[in-house]
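1. I'll drop the sequence and a predicted model, then ask my questions.
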Amino acid sequence: MIRFDHVSCSYEKGRKVLDDVSFTIGDGESVGLIGANGAGKSTLMKVLLGLQDAEGEVWVDDLPVKKENLREIRRKLGFVLQNSDNQMFMPTVYEDILFAPLNYGLSRQEAEARCDAVLARLGLTEIKHRHNHKISGGEKRMAAIATVLAMEPEVLLMDEPTTALDPYNRRMVINTILSLPNTKLITSHDLDMILDTCQRVILLSRGRVVADGEAEVILRDRALLEANRMELPLCFSRRD
């Protein structure tokens, strides 16, 4: 589904934000993208979405990420932003979820059917007509996920999906992620959440891939994580 082939990117001369990054994510995989602040995670997402130019090749399905393919590629990718307020811009939850299907050319009836199905799937039917500024942070995060699922993307990109959530809403988001069959690339500092939701982890440090493998193996490796300015997930540090 996703392939990075020797990808490099610089914002200023002489300082690479991504440095010769290569990896492949297969159909249906759930992959955690981790690293300290400044490791290159956000830039990698921007390159994948065609929002940032880079050297090397990036492919989504059978399409190279190039200007002429961006419209089709972005229909394959659903991006859940870290800050839901930047994603929810219509007055009500329902209007937000309807927005993309209607703009993709679905009839009002088709868009409403898709919207209602997504709301039911995520247990959000009760907040359907609520104003976005009158729902909780957890509800807003779930509603933001719903807006993306209504697009029916093949791949879900999620940026810090559990940031600032209380334990109940954090668990709701984790359970939702686990229930989704989509290919997923999730970036987060919440390593316990990554362990719960991802079978594989890619660790970035200073723009390079320094580890790529089974989530539990990488997230148990204290020396590797500390060498790259990270700490063990709480579930492992408590046992140690």
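-> Good, I have the coordinates. This is a predicted model, so every value here is computed, not measured.

2. C-alpha coordinates for stretch 20-27, PDB please?
-> Coordinates of the C-alpha atoms in stretch 20-27 are reproduced here as PDB (Å, rounded to 0.1, in the frame of the first residue of the first chain):
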ATOM      1  CA  ASP A  20      17.500   8.100   3.000                       C
ATOM      2  CA  VAL A  21      14.200   6.700   4.400                       C
ATOM      3  CA  SER A  22      13.000   3.400   2.900                       C
ATOM      4  CA  PHE A  23      10.200   1.100   4.100                       C
ATOM      5  CA  THR A  24       7.100  -0.700   2.800                       C
ATOM      6  CA  ILE A  25       3.700  -1.000   4.500                       C
ATOM      7  CA  GLY A  26       1.500  -3.800   3.200                       C
ATOM      8  CA  ASP A  27      -2.200  -3.900   2.800                       C
END
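
3. could you give the average pLDDT over that stretch?
-> Taken as a whole, stretch 20-27 has a mean pLDDT of 97.

4. equivalent analysis for stretch 151-166, please.
-> 90.

5. buried ones in it, by neighbour count?
-> 151, 153, 155-163, 165 (16 or more other Cβ atoms under 10 Å). For every residue, glycine as well, the C-beta is placed using N, CA and C.

6. dump these to a markdown table, plus distance to Leu203 and secondary structure.
-> Below are these laid out as a markdown table (distance: Cβ to Cβ, whole Å; DSSP: H, G, I helix; E, B strand; the rest coil):
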| residue | distance to Leu203 | secondary structure |
| --- | --- | --- |
| Met151 | 29 | coil |
| Pro153 | 25 | coil |
| Val155 | 20 | strand |
| Leu156 | 20 | strand |
| Leu157 | 18 | strand |
| Met158 | 17 | strand |
| Asp159 | 17 | strand |
| Glu160 | 16 | coil |
| Pro161 | 19 | coil |
| Thr162 | 19 | coil |
| Thr163 | 19 | coil |
| Leu165 | 24 | coil |
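
7. which stretches of the chain have low pLDDT?
-> Low-confidence segments of the chain (pLDDT under 70): 238-240.

8. Ile174 contacts Asp196, correct?
-> Yes. Look at Ile174 against Asp196 with Cβ atoms under 8 Å: they come within range, at 5.3 Å.

9. residues in contact with the closest residue to Ala54 other than its chain neighbours?
-> Once flanking residues are discounted, Ala54 sits nearest to Cys9: 4.1 Å by Cβ to Cβ, 6 or more residues apart in numbering. Residues in contact with Cys9 (Cβ atoms under 8 Å, 6 or more residues apart in numbering) are 16-18, 40, 43, 47, 52-55, 207.

10. try Met193
-> Per Cβ under 8 Å, 6+ apart, neighbours of Met193: 161-162, 170, 174.
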